[in-house]
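>>> Build me a model from this:
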Amino acid sequence: MKSNPRRIRPIFTLVFVGFGAFGGHALTNWYFAPDTYILLSSLWQDKRVPLPSDKTWMLVFLVIVGALLGLILESLTFQQIAITRSKLERMSPQDKIVLIFGFVLGLLLTALVATIISLPWYVNVMTAILLCYTSVAALGSMKEQVRFYSPSPASSSKGEPSFGCRPKILDTNVIIDGRIADIARAGFMEGPVHVPKFVLEELQQIADSSDSLKRARGRRGLDILNQMQKEMDLMVSESRLDNSTEEVDARLVRAAQEMNGAIVTNDYNLNRVAELQGVPVLNINELANALKPVVLPGEEMRVTIIREGKEKEQGIGYLDDGTMIVVEGARRLIGEALFVSVTSVLQTVQGKMIFGKIRENGEQGSDQLDDSDRSYTGGRPRRKIR
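Now for the predicted structure:
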């Protein structure tokens with residue numbers, strides 16, 4: 001499990017506030033020191049420099065101001081650290097090695113220059129920054145010619161990470177849907193899983209909605225995220241897109257482009273928009289359709305009729321995976337389990353529909369099923385061999 005920076009933030013905040021308060025205390029003592037009084041008098045050309053009559057109140061004031069400044073500085077610093085950490089996580093191993101080697105090479109060159117030429121310390125610092133940047137840029141331009149590590153089989157010929165190694169970015173709909181937790185638990189979600197902060201904010205807005213149905217869906221989504229965070233490495237990533245005024249879908253596409261990741265969704269429109277912009281998409285609806293059993297005309301199964309169909313004399317049943325079965329002549333047999341022979345299969349945008357008819361001479365009880373047979377609401381029966 002990767003460390004969560006939010007867990008150490010209270011300690012981080014305490015350190016900055018403590019340093020700010022200590023700075024206020026030190027400033028008070030410095031101001032009231034005799035040497036400071038002489039220095040300020042000489043600068044102001046006035047021997048009667050006014051000093052506060054009560055050192056205690058000034059001490060309290062400066063300590064509070066120092067603590068507040070420390071708190072502000074901590075917020076800015078922690079935000080920058082989070083952005084830098086997110087960028088480092090998105091970097092490929094090769095880019096990380098380039099960064100480390102370039103930084104070390106820049107420091108070595110700085111030490112070499114310092115031994116040859118005696119320069120002030122601030123000039124050495126500026127030289128180190130310049131040489132480190134130049135070294136990283138130079139090594140980065142040669143990383144295709146100089147291989148720092150052996151590419152894994154998962155890498156493609158173009159150097160792009162494979163689908164499994166890409167960061168997975170969840171959208172709001174797929175979180176509320178809930179199936180993503182089962183997919184991840186089954187081990188089909190390889191690579192880091194990210195939930196952008198703006199997606200989490202949208203989910204929270206849905207959970208706070210005045211509409212009871214939306215509120216229930218939002219709360220279910222939050223519960224699913226909490227469950228996934230306990231079971232796997234789920235990261236809530238922050239980026240500059242969090243404060244953008246664009247639609248959430250547009251920000252998701254841009255975030256995937258910046259992270260070189262793949263969007264996980266069940267939204268058809270987002271799927272098409274992302275594909276048009278060259279962003280890989282994992283659509284769990286397509287996964288569900290791919291996992292449905294293949295049914296061929298002529299196969300037989302036992303189906304429980306649960307309601308009437310739209311057309312005359314039609315009855316409707318469902319498989320365990322939700323596939324609809326339309327049975328001719330079963331309108332008056334609601335609640336009964338029938339042996340059905342498949343006549344045709346229709347693939348639609350919403351999924352697969354199966355059309356069938358009641359098996360001839362298939363009165364209930366005329367055939368027996370093995371205990372291992374599946375039944376529908378689900379499965380295809382196998383007749384005993386006599």
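>>> How about the residue nearest to the spatial centre of the chain: what's its closest non-neighbour residue?
Centroid-nearest residue in the chain, with Cα atoms, centre = their mean: His194, separated by 1.3 Å. Residue nearest to His194 in three dimensions, not counting chain neighbours: Ser237, with 4.6 Å by Cβ to Cβ, 6 or more residues apart in numbering. Every C-beta, even on glycine, is put in place using the N, C-alpha and C of the backbone.
>>> Hmm, that neighbour is touching Pro192, no?
No. Using Cβ atoms under 8 Å, Ser237 is not in contact with Pro192, being 9.2 Å away.
>>> Which one of these two is surrounded by more residues?
Neighbours around Ser237 and Pro192, counted as other Cβ atoms under 10 Å, are more numerous at Ser237. The numbers are 25 against 20.
>>> Neighbours of His225, how many?
I think there's a mix-up here, since residue 225 is Leu and not His. When neighbours are counted by other Cβ under 10 Å, Leu225 registers 20.
>>> ok, and it, which helix or strand is that part of?
Using DSSP states H and E, Leu225 sits within helix 212-231.
>>> Going by contacts, tell me the helices and strands next to that helix.
helix 172-177, helix 179-185, helix 197-207 (3 or more Cβ pairs under 8 Å, 6 or more residues apart in numbering; DSSP states H and E).
>>> longest helix of this structure?
In the chain, with assignment by DSSP state H, the single longest helix is helix 55-90.
>>> between whichever helix or strand comes after it and helix 55-90, what angle do the directions make?
Per DSSP H and E, the first helix or strand lying C-terminal to helix 55-90 is helix 93-116. Using axes from the mean of the first three to the mean of the last three Cα atoms, to 10 degrees, the inter-axis angle of helix 93-116 relative to helix 55-90 is 120 degrees.
>>> what angle separates the helix or strand just after helix 93-116 from helix 93-116?
Using DSSP H and E, the helix or strand that directly follows helix 93-116 along the chain is helix 121-141. Here the directions of helix 121-141 and helix 93-116 differ by 140 degrees (the same axes, to 10 degrees).
>>> average pLDDT for helix 121-141?
The average pLDDT for helix 121-141 rounds to 83.
>>> Pull out the buried positions in that helix.
Buried residues in helix 121-141, counted by 16 or more other Cβ atoms under 10 Å: Asn124, Thr127, Ala128, Leu131, Cys132, Ser135, Val136, Leu139.
>>> and if you look at stretch 283-300?
So for stretch 283-300, counting by 16+ other Cβ under 10 Å, buried means Asn283, Ile284, Asn285, Val295, Glu300.
>>> Save those residues as TSV, and put in pLDDT, distance to Arg254 and secondary structure too.
Converted to TSV, the buried residues of stretch 283-300 look like this (pLDDT from 0 to 100; distance: Cβ to Cβ, whole Å; DSSP: H, G, I helix; E, B strand; the rest coil):
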residue	pLDDT	distance to Arg254	secondary structure
Asn283	89	19	strand
Ile284	88	22	helix
Asn285	84	23	helix
Val295	80	41	coil
Glu300	86	51	strand
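>>> Distance to Gly23 for these - can I get that in a markdown table?
Shown next, in a markdown table, are the buried residues of stretch 283-300 (distance: Cβ to Cβ, whole Å):
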| residue | distance to Gly23 |
| --- | --- |
| Asn283 | 55 |
| Ile284 | 53 |
| Asn285 | 57 |
| Val295 | 74 |
| Glu300 | 83 |
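>>> surely Ser341 meets Gly356?
Yes. Contact criterion Cβ under 8 Å: Ser341 and Gly356 qualify, at 5.8 Å.
>>> out of those two, which sits in the more crowded spot?
Applying other Cβ under 10 Å to Ser341 and Gly356 shows that Gly356 carries more neighbours, namely 26 against 16.
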